[in-house]
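A.B. asks: I'd like to go over a predicted model; first the sequence, then the structure.
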Amino acid sequence: MAVGAFSTPAAAHSGTTHAGTPHWLLFVLLIVGIGGIAGSVASARRGIVSFRAAAVILAGGVVSVAFSGIGLVELQVVGTTPPKLVDIYPPLSLVASTLLAVGGFATVRLKWPTKPLYAVLCVILGSWIAYPVVMPNQGYTNPLGYLLALSLPAVLTAIVWSDARGIIQSIRLQTKPKLFGIAAGLLMSVFFAFSGGTMSFNPDDGVNVPTEAFVIPYEVASPLVVWPAVEWYFPSIPFTGYISVGTVLVMGVLGSLVGLNVAVVTQQWTNSGSVAGRKMLSGSLATSGATACCCCAPAFYGVLSVLFGTAATPIYWSFMIPTSPVGGVFFALSIMMLLGSLLQSAGGSVPEPNPASPSATIN
């Protein structure tokens, strides 16, 4: 049984170019793209440029960030020295999991007692971080792992349908927000696939590397458990990678949240004509954009490895080892920030804390 790790890059290298492009240029394009995103938002808020011009700059910035980020990830350096400090990973995971689950539950109980699904989401995300630590053999084949993995999209769907149903239904009737949202979600999924290591246009060269194309069944031990997958390799392109039920689940969650954020903000930018509206919208969009840029933990390491080379090896291991909390914390924070941004963009759906009252209890 072939078992791959979802966080393990499909191709990681120590080269200085990607498709003939020097890595410093890819890094510059990444910075320029981030600057374009932030600049378009700030300019629209201050009325310096029109919404149409800001949208064009924003789209260019997103494309620049996505493709330069993919190029940087393709150049990331694999850690060659043994991992250190691994003994502290399990306790750190337990601490992070407890803070998120217990702290989140208590916060929801005090501030949003009528929203029990928010507390359930915090418990699920906290359990996601702790699962590889508390389960025997990291729980690769435990049914609880499948239940935990599938419960995340189910709870997220219930929250979005409950608190943002109206605006999502209105987006279905408008072409531009719908198209922008679909495009953003797909672009996010592609970026995640490359930054997470499931696809690569720069496969490793070495001994026993296949010389002929193939597509074979496969099994991947991530996220959380073993999932059926398909692996492929086309040397003439070259293009290699795999896709599993688990990767589709994670890409679907992140891509959907990013797409919904972009669709909602596009709709509001199109319909808003007031300065106050611009301030509200730009703040929401900035939150979504910043979160979308950091929700792929391996991409973060890819940038650091290109800049600092093998000196970034400890960070590599903190992402690759399943008992490390780093990847899980990145994922959990991204989910929470993207969801919170969506609910706020949907008209302040994140409820204000209720005043203390005898009736303020979780239903």
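C.D. replies: Happy to help now that I have it.

A.B. asks: Assign a three-state SS to Val230, would you?
C.D. replies: Three-state assignment for Val230 (DSSP: H, G, I helix; E, B strand; the rest coil): strand.

A.B. asks: pLDDT weak spots in the stretch 251-363 of the chain?
C.D. replies: Applying pLDDT under 70 to the stretch 251-363 of the chain flags residues 272-323, 347-363.

A.B. asks: how about a cut-off of 90?
C.D. replies: For the stretch 251-363 of the chain, residues meeting the criterion pLDDT under 90 lie at 251, 254-255, 257-363.

A.B. asks: Can you list the residue ranges for helices in the protein?
C.D. replies: 23-46, 51-74, 89-98, 104-111, 116-134, 143-163, 165-171, 175-195, 245-271, 275-294, 297-308, 313-320, 326-345 (DSSP state H).

A.B. asks: which residues does Thr266 contact?
C.D. replies: Contacts here follow CB atoms under 8 Å, 6 or more residues apart in numbering; on that basis Thr266 touches 55, 176-177, 180-181. (Glycine included, C-beta is placed from N, CA and C.)

A.B. asks: List only buried entries from those residues.
C.D. replies: For the contacts of Thr266, a burial check counting by 16 or more other CB atoms under 10 Å picks out 55, 177, 180-181.

A.B. asks: nearest to Ala193, of those?
C.D. replies: Taking CB to CB as the measure, Ala193 sits nearest to Gly181 out of the buried ones among the contacts of Thr266, at 18.8 Å.

A.B. asks: That closest one contacts Val262, correct?
C.D. replies: Yes. Judged on CB atoms under 8 Å, Gly181 makes contact with Val262 at a distance of 5.1 Å.

A.B. asks: can you redo the helices of the chain as JSON lines with distance to Phe239?
C.D. replies: Converted to JSON lines, the helices of the chain look like this (distance: least, CB to CB, whole Å):
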{"stretch": "helix 23-46", "distance to Phe239": "19"}
{"stretch": "helix 51-74", "distance to Phe239": "12"}
{"stretch": "helix 89-98", "distance to Phe239": "34"}
{"stretch": "helix 104-111", "distance to Phe239": "40"}
{"stretch": "helix 116-134", "distance to Phe239": "30"}
{"stretch": "helix 143-163", "distance to Phe239": "27"}
{"stretch": "helix 165-171", "distance to Phe239": "34"}
{"stretch": "helix 175-195", "distance to Phe239": "11"}
{"stretch": "helix 245-271", "distance to Phe239": "16"}
{"stretch": "helix 275-294", "distance to Phe239": "25"}
{"stretch": "helix 297-308", "distance to Phe239": "18"}
{"stretch": "helix 313-320", "distance to Phe239": "23"}
{"stretch": "helix 326-345", "distance to Phe239": "25"}
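
A.B. asks: which one of these lies closest to Tyr218?
C.D. replies: helix 245-271 (11.2 Å).

A.B. asks: Now do the buried residues in that closest one.
C.D. replies: 246-247, 249-251, 253-269.

A.B. asks: Kindly report the same for stretch 123-139.
C.D. replies: Within stretch 123-139, judged by 16+ other CB under 10 Å, the buried ones are 123-133, 135, 138-139.

A.B. asks: With only the CA atoms kept, save that stretch in PDB.
C.D. replies: Taking C-alpha atoms only, stretch 123-139 is exported to PDB below (Å, rounded to 0.1, in the frame of the first residue of the first chain):
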ATOM      1  CA  VAL A 123     -14.000  22.100  18.600                       C
ATOM      2  CA  ILE A 124     -13.600  20.500  15.100                       C
ATOM      3  CA  LEU A 125     -10.600  22.700  14.200                       C
ATOM      4  CA  GLY A 126      -9.000  22.100  17.600                       C
ATOM      5  CA  SER A 127      -9.500  18.300  17.200                       C
ATOM      6  CA  TRP A 128      -8.000  18.600  13.700                       C
ATOM      7  CA  ILE A 129      -4.700  19.900  15.200                       C
ATOM      8  CA  ALA A 130      -4.600  17.300  18.000                       C
ATOM      9  CA  TYR A 131      -5.700  14.200  16.000                       C
ATOM     10  CA  PRO A 132      -2.300  13.000  14.800                       C
ATOM     11  CA  VAL A 133      -0.900  13.300  18.300                       C
ATOM     12  CA  VAL A 134      -3.600  11.600  20.300                       C
ATOM     13  CA  MET A 135      -4.500   8.800  18.000                       C
ATOM     14  CA  PRO A 136      -2.400   5.500  17.800                       C
ATOM     15  CA  ASN A 137      -0.200   5.500  14.700                       C
ATOM     16  CA  GLN A 138      -1.400   9.000  14.000                       C
ATOM     17  CA  GLY A 139      -4.900   7.600  13.300                       C
END
